[in-house]
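With the input below, show me the fold.
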Amino acid sequence: MKLKNNSNYVTQVQGRSLFRYYIGLLVRWKQHFKYLKAVRIARKNGAKIGDGVIMPLSLARKANSNLRIGNHVSIQTDKIDLRSPVIIGNNVIIGSQTEIITTSHNIDSPEWEHKYYGIKIEDYVWIPTNIMILPSCRNIGYGAVVSSGSVVVGDIDKMDVVGGNPAKPFKKRKTVHSQLVVESLLGGGII
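Numbers count the residues shown, from 1 in each chain. Okay, here's the model as predicted:
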């Protein structure tokens, strides 16, 4: 089967020998089935998960109907607050030790009740490692990138690259990672 994508990765995959193909399968099979199990568990718990999603088992076990993930998404953290809706688009990458908080408390109330916000992360967003996203951030726009170690306190516009504490835009992204096979990042995809 010939893949239609012309990226360097696809060219390398198509050009390898049958022996190397089977060696690659052997190395990846365990991780691949672990990711499939995680998706199956998350779906069983009520989450809506697309194709080619990589997520830790620990996140899948706490998943519920508030979690919706698109296609070809890599999530390497389980620190996602699912008390409010979390909508993650297609081709999104979320790194390890990133924390997404979607619920807070009403600090002006004597009852200290919860306030539920939720977040939408649009397509082609890259959220690398060690980032904190607070409930005041409700939308991360198409193609946005957050610098590692940042604290996100507000919405991020389409194609913005942000960083710092609090995270502020410092440039615009020129293109998205549309040629990347996201699940291949961690050996989760078997092509």
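
After the longest helix along the chain, which helix or strand is next? Please name it.
Using DSSP state H, we find that the single longest helix of the chain is helix 18-44. The helix or strand immediately downstream of helix 18-44 is strand 48-49, counting by DSSP states H and E.

Direction included, what does that following strand pair up with?
Each strand paired with strand 48-49, and its direction, by DSSP bridges: strand 67-69 (parallel).

name the helices or strands packed onto the very next helix or strand once past the strand it pairs with?
Sequence order places strand 74-75 as the next helix or strand after strand 67-69, per DSSP H and E. Other helices and strands packing on strand 74-75, by 3 or more CB pairs under 8 Å, 6 or more residues apart in numbering; DSSP states H and E, are strand 93-94. Where you see a C-beta, it was placed from the backbone N, CA and C, and this is true even at glycine.

Quick one: residues in contact with the helix or strand following the strand it packs on.
The element immediately downstream of strand 93-94 (helix or strand, assigned by DSSP H and E) is strand 99-100. If you take CB atoms under 8 Å, 6 or more residues apart in numbering as the criterion, strand 99-100 is touched by T77, K79, I80, D81, V86, I94, I119, I131, M132, I133.

Strand 99-100: what's the following helix or strand?
strand 103-105.

So which bits of the helix or strand following that next one are buried?
Next helix or strand after strand 103-105 toward the C-terminus (DSSP H and E): strand 114-116. By 16 or more other CB atoms under 10 Å, strand 114-116 has no buried positions at all.

partners of strand 114-116 in the sheet?
According to DSSP bridges, strand 114-116 has the following sheet partners: strand 103-105 (antiparallel).

on that earlier part again, who does the longest helix of the chain touch, helix- and strand-wise?
strand 48-49, helix 57-62.

Quickly compare the ones you listed and say which is most buried.
strand 48-49 (a mean of 18; mean count of other CB atoms under 10 Å).

Quick one: residues in contact with that one.
V39, A42, R43, M55, S65, L67, R68, I69.

which ones are touching the first one?
By CB under 8 Å, 6+ apart, the residues touching V39 are I49, V53, M55, A60.
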